[in-house]
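*Asks:* Using only what follows, build the 3D model:
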Amino acid sequence: MATRFPDGLRVIRRSPATMRARDSDRSDACGVLDASLADGQLTQAEHDARVASAMHAVTMQDLHGLLDDLQIQPGDAPLRLPAQPTGGRGWLLLAAVVVATVLVVTVSVRSCSGGSSSGSNAANYLSLSGLQTLVRAAQDHFGTATVDQLVVYPTYAVFQRADPAAPRRSLSYYFNGDWKDPTNAGTRDPRTVPIDLARANLPTWAGLIEGAGESLNLSQIDTIYFIVDSSGKFGALSVHASNELGESGYLSADLDGKFAAVYPFDPAK
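*Replies:* The predicted model follows:
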């Protein structure tokens, strides 16, 4: 079955290639990529690479190239365009979860074979202890915890850093308890200022993730990922979540955890 998509994606497909992309356009594209991973059109590696590219898309042409080869059926889509940012309710949710004794996200992660495994039975890098593990792993592997970008899923993470031998080139490092060989992630602006994960307020970051379901008005979470991005396309921090019911949304925040925008699922859309 073709992947279904929100009305907002019609804007992407019908817009001139040179039109500048908005945050909502990038989010819509990420939602379709998530769905295309779930129905087997994309491998995990392909999904990760395209999500990273979508987050840095400048024009609609950049997004067209990420979606044009996917089977996407217009019209009867359960995925819906998130509502406009809400006010300060996210801070109340964050305060409630940060004081929790245990910060754990339990999600179902769809495998490439179509099955699922519970995040509670495997490494959970979206929990407070998981984020701490990632910071220690980076320090041990690189000698520092600085990154240009970090994308965290429940069972693995992708670190993006400058190539030590060529600061204008970016390398991606896949970690799931073990490090994989780095891959070329494209060109890099040498003026980029990396984010030091060792200086981060990890309990606050874990609180953003833990509160995502309520903040985004999702009845359940089947796919969730957390992004730390020095480019600020979505804000320094962002949480993207969706489920098999077609509900999706994302939120963004600064490095201190202060909300920049919340795009929750709107059942009326």
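*Asks:* hey, let's count contacts and neighbours off CA atoms from now on
*Replies:* Will do.
*Asks:* Now do the strands in the stretch 51-200 of the chain.
*Replies:* Per DSSP state E, counting those that start in this stretch, the stretch 51-200 of the chain carries strands over the ranges 72-73, 108-110, 116-118, 146-147, 149-152, 157-163, 166-175, 183-187, 195-196.
*Asks:* chain center to the last one, what's the gap?
*Replies:* It stands for strand 195-196. 18 Å (C-alpha atoms, centre = their mean, to the nearest Å).
*Asks:* can you give me how far the helix or strand following that strand is from the chain middle?
*Replies:* The C-terminal neighbour of strand 195-196 among helices and strands, as given by DSSP states H and E, is helix 202-210. On the basis of C-alpha atoms, centre = their mean, helix 202-210 is displaced by 14 Å from the centre of the chain it belongs to.
*Asks:* list the buried ones in helix 202-210?
*Replies:* The neighbour-count check on helix 202-210 (16 or more other C-alpha atoms under 10 Å) flags 202-210 as buried.
*Asks:* cool, and stretch 35-43?
*Replies:* 35-39, 41-43.
*Asks:* which of those residues lies closest to F259?
*Replies:* Proximity of the buried residues of stretch 35-43 to F259 (C-alpha to C-alpha) peaks at A35, which lies at 26.1 Å.
*Asks:* what helix or strand is the closest one on?
*Replies:* Secondary-structure assignment from DSSP H and E places A35 in helix 23-38.
*Asks:* Quick one: list the elements packing against that helix.
*Replies:* If you count contacts as 3 or more C-alpha pairs under 8 Å, 6 or more residues apart in numbering; DSSP states H and E, helix 23-38 packs onto strand 3-4, helix 8-14, helix 44-55, helix 60-67.
*Asks:* So which of these is the most surrounded?
*Replies:* Most buried of these by mean neighbour count (mean count of other C-alpha atoms under 10 Å) is strand 3-4; its value is a mean of 22.
*Asks:* Which neighbouring elements make contact with the strand or helix carrying G213?
*Replies:* In this assignment (DSSP H and E), G213 forms part of helix 212-215. Applying 3+ C-alpha pairs under 8 Å, 6+ apart, one finds that helix 212-215 contacts helix 89-98, strand 237-242.
*Asks:* least reliable of the ones you listed going by mean pLDDT?
*Replies:* Here these differ in mean pLDDT, and the lowest is helix 89-98 at a mean of 40.
*Asks:* Any regions of the protein where pLDDT drops low?
*Replies:* Across the chain, residues meeting the criterion (pLDDT under 70) sit at 1-11, 13-14, 73-123, 232-235.
*Asks:* So which residue of it lies furthest out from the middle?
*Replies:* Of all residues in the chain, A165 has its C-alpha farthest from the mean position, at 28.0 Å, by C-alpha atoms, centre = their mean.
*Asks:* And that one, how close does it get to H240?
*Replies:* 33 Å (C-alpha to C-alpha, to the nearest Å).
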